[in-house]
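1. Here is my input; please provide its structure:
(2 chains)
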There are 2 protein chains.
Amino acid sequence: MNEHIELLMNHRSVRKFEAKPLTKEQIEAIVTCAQAASTSSFIQAYTIIGITDPEKKKKLAEVAGEQSYVANNGHFFIFCADLARHERIGEMENKDVLPSIESTEKFMVALIDTALAAQNAAIAAESMGLGICYIGGLRNNLKEVCKLLKTPKRVLPLFGMAVGFPAQMTDKKPRLPLQEIYHENEYQQNMEEDREQLNIYNQIISEYYSDRTNGARNDTWTGQMANMLERKTRMYMKEFVESVGMKLN
Amino acid sequence: MNEHIELLMNHRSVRKFEAKPLTKEQIEAIVTCAQAASTSSFIQAYTIIGITDPEKKKKLAEVAGEQSYVANNGHFFIFCADLARHERIGEMENKDVLPSIESTEKFMVALIDTALAAQNAAIAAESMGLGICYIGGLRNNLKEVCKLLKTPKRVLPLFGMAVGFPAQMTDKKPRLPLQEIYHENEYQQNMEEDREQLNIYNQIISEYYSDRTNGARNDTWTGQMANMLERKTRMYMKEFVESVGMKLN
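-> Predicted coordinates for the structure are as follows:
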């Protein structure tokens, strides 16, 4: 195992940071690394917005559901899928790019591009001894987020990332067994084996929570997932996505 | 600049590989690192399929548009957004998860989860001296890809990744100026400044291509983007995505 793999394997979400802002150099290194990630056909379909204004951070923390680490961190990044630049390019080059830009395919490309960049940012931050936490909670109310960020048409904030000097380390959460996630040559569908894997994993997760809460919590992964997915959350998304011009044609 | 940041910054797509397969240890390290990435609410909504069957690789290369490196590499991974597992979990736990699973929000979550995992895989591979290339060309014909991989309902192959021992190194492609991608506190919209940035960048890209082709090619970034986006490609995507049960509700 080399040191890079060690860094990747050592990831955990950090939710408590020292009150110490990132330096300009750190922020630039993080963004430059984000940009170094692969991008579909070189499209570079994202914009990253760094929030330093404490008032804005507070409001974003409210949107995310009172997550204090959205307000209190070393720096707060928001990763936005961005096809606005490409609409302007169409005008600049006098080409009709709109049918393409408004397709589900390009929506997917923009999401994937943004996520690849964000993961590079996360690793760059962690390599400097910083902790990170992705903040999907911004999607609770994207209308408010877009208003705060003054995003134009065809820009969709996808998630935030709180970054900072860790004030508290958490434990690594065990992932699904490799055999469950990784298949060879075709998708493996053995219901019995699958159920067995999930039962083993449930036990691991249950022990993980129990150990960390003196037995107060012992939910399984499948139980946790079913509860989470039973709730119909963010059902406004399709309408909102289309309202900002990220059409799903 | 630490060694991790150096690795990230040093990324380039590799499209020619030695005829030498990855070891089982390398494949497992790559997948384990993929799994170590952050995952939205712990959902782990992806499956990775490794292709070793040469016939299957040949067919996938055809789908991708005769990209020889899809067939000739050390290993070929396909990253699939996967909500099939979660449908089964709903049945197992006796909860109605379908409205949630069929939402645009969960489609986005699955795409982002898959991309974060893939980028960790890419970095793990590169850290071992391997080269990688993302293969979006699989989306030329996802019906064929799904047939080859025998993917069930609610599984959507997003892209491939050719990995292997590099037989030819390419140059790093310059990215958009940092100021163009990174904004502070709100989305910056200064059309004049933006146009200036793009012009500077166009010159850099034009020189980049010219230098590498003895002047035979000198397209700009905005020209390249406009040409690419003018073509209406993969317009079947929305219908296909919904046909495999990744509903955009």
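
2. domain parsing for chain A?
-> Here the domain assignment for chain A is A:3-170, A:178-218, based on automatic domain parsing.

3. all helices of chain A, in order?
-> Remark: helices assigned in chain A by DSSP state H are A:3-9, A:24-36, A:54-63, A:68-71, A:84-93, A:98-101, A:104-127, A:142-149, A:178-181, A:191-212, A:221-230, A:237-243.

4. and the fifth one, what other elements does it pack with?
-> In this structure, helix A:84-93 packs against helix A:98-101, helix B:191-212, helix B:221-230, with contacts taken as 3 or more C-beta pairs under 8 Å, 6 or more residues apart in numbering or on different chains; DSSP states H and E. Bear in mind the C-beta positions are built from the backbone N, C-alpha and C, glycine included.

5. now swap in the second one and tell me
-> Other elements packing on helix A:24-36 under the criterion 3+ C-beta pairs under 8 Å, 6+ apart are strand A:46-51, strand A:75-82, helix A:104-127, helix B:3-9, helix B:178-181.

6. quick one on the thing from earlier: could you dump the domains of chain A to JSON lines with mean neighbour count and mean pLDDT?
-> Converted to JSON lines, these look like this (neighbours: other C-beta atoms under 10 Å in any protein chain shown; pLDDT from 0 to 100):
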{"stretch": "domain A:3-170", "mean neighbour count": "21", "mean pLDDT": "97"}
{"stretch": "domain A:178-218", "mean neighbour count": "14", "mean pLDDT": "94"}
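
7. want to throw those domains into a markdown table with distance to residue B:66?
-> As requested, the domains of chain A are arranged in a markdown table below (distance: least, C-beta to C-beta, whole Å):
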| stretch | distance to residue B:66 |
| --- | --- |
| domain A:3-170 | 17 |
| domain A:178-218 | 21 |
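
8. between those, which one is nearest to residue B:162?
-> domain A:3-170 (11.7 Å; C-beta to C-beta).

9. Give me the distance between the two termini of that closest one.
-> Using C-alpha to C-alpha, to the nearest Å, the end-to-end distance of domain A:3-170 comes to 20 Å.

10. Burial check on the closest residue to residue A:102 other than its chain neighbours, number of neighbours?
-> Residue nearest to residue A:102 in three dimensions, not counting chain neighbours: residue A:247, with 3.6 Å by C-beta to C-beta, 6 or more residues apart in numbering or on different chains. Residue neighbour count, defined by other C-beta atoms under 10 Å in any protein chain shown, stands at 19 for residue A:247.

11. So residue A:247 is in contact with residue A:105, correct?
-> No. Counting by C-beta atoms under 8 Å, residue A:247 stays clear of residue A:105, with 11.1 Å between them.

12. quick one: contacts for residue A:111?
-> Applying C-beta atoms under 8 Å, 6 or more residues apart in numbering or on different chains to residue A:111 gives the contacts A:81, A:158, B:108, B:111-112, B:115.

13. Check the gap between it and residue B:74 for me.
-> As judged by C-beta to C-beta, to the nearest Å, residue A:111 and residue B:74 stand 28 Å apart.

14. cool, and residue A:236?
-> Per C-beta to C-beta, residue A:236 is found 44 Å from residue B:74.

15. what distance separates the start and the end of stretch A:42-51?
-> End-to-end distance for stretch A:42-51: 27 Å, by C-alpha to C-alpha.

16. cool, stretch A:136-149 as well?
-> 16 Å.

17. Can you tell me what sits against it?
-> The set of residues external to stretch A:136-149 that reach it, using C-beta under 8 Å, 6+ apart, is A:49, A:56, A:59-60, A:63-65, A:67, A:70, A:78, A:80, A:155-160, A:233-234, A:237, A:240, A:244, B:40-41, B:105, B:108-109, B:186-187.

18. and if you look at stretch A:168-182?
-> A:9-16, A:131, A:194, A:197-198, A:200-201, A:204-205, A:208, A:212, A:221, B:27-28, B:31-32, B:34-36, B:42, B:44, B:46-50, B:85.

19. which one's the longest strand in chain A?
-> strand A:155-164 (DSSP state E).

20. is that one up against chain B anywhere?
-> Yes. With C-beta under 8 Å from any C-beta of the partner chain as the measure, strand A:155-164 is seen reaching chain B through A:155, A:158-159.

21. Find out how far that strand is from the centre of the chain, if you would.
-> Put simply, strand A:155-164 sits 7 Å off its chain's centre (C-alpha atoms, centre = their mean, to the nearest Å).

22. now the angle from that strand to helix A:142-149?
-> If you take axes from the mean of the first three to the mean of the last three C-alpha atoms, to 10 degrees, strand A:155-164 sits at 70 degrees to helix A:142-149.

23. Next, the angle from strand A:155-164 to strand A:75-82.
-> Angle of strand A:155-164 versus strand A:75-82, following the same axes, to 10 degrees, is 160 degrees.

24. Can you list the strands that strand A:155-164 pairs with?
-> Under the criterion DSSP bridges, strand A:155-164 sits next to strand A:75-82 (antiparallel), strand A:131-135 (antiparallel) in its sheet.

25. Need these in JSON lines (columns: distance to residue B:99).
-> Below are the strands paired with strand A:155-164 laid out as JSON lines (distance: least, C-beta to C-beta, whole Å):
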{"stretch": "strand A:75-82", "distance to residue B:99": "24"}
{"stretch": "strand A:131-135", "distance to residue B:99": "24"}
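
26. Select, out of those, the one closest to residue B:167.
-> Closest to residue B:167 of the strands paired with strand A:155-164 is strand A:75-82 (C-beta to C-beta; 34.4 Å).

27. that older thread, and the residue nearest to residue A:102, what is it in contact with?
-> Listed by C-beta under 8 Å, 6+ apart, the contact partners of residue A:247 are A:101-103, A:107.

28. how about the residues you listed in CSV, adding distance to residue B:94?
-> Listed next are the contacts of residue A:247 as CSV, based on distance: C-beta to C-beta, whole Å:
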residue, distance to residue B:94
A:101, 43
A:102, 40
A:103, 38
A:107, 34
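
29. quick revisit: mind putting the helices and strands packed on helix A:24-36 in TSV, distance to residue A:92 included?
-> Shown next, in TSV, are those (distance: least, C-beta to C-beta, whole Å):
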stretch	distance to residue A:92
strand A:46-51	18
strand A:75-82	16
helix A:104-127	18
helix B:3-9	29
helix B:178-181	14
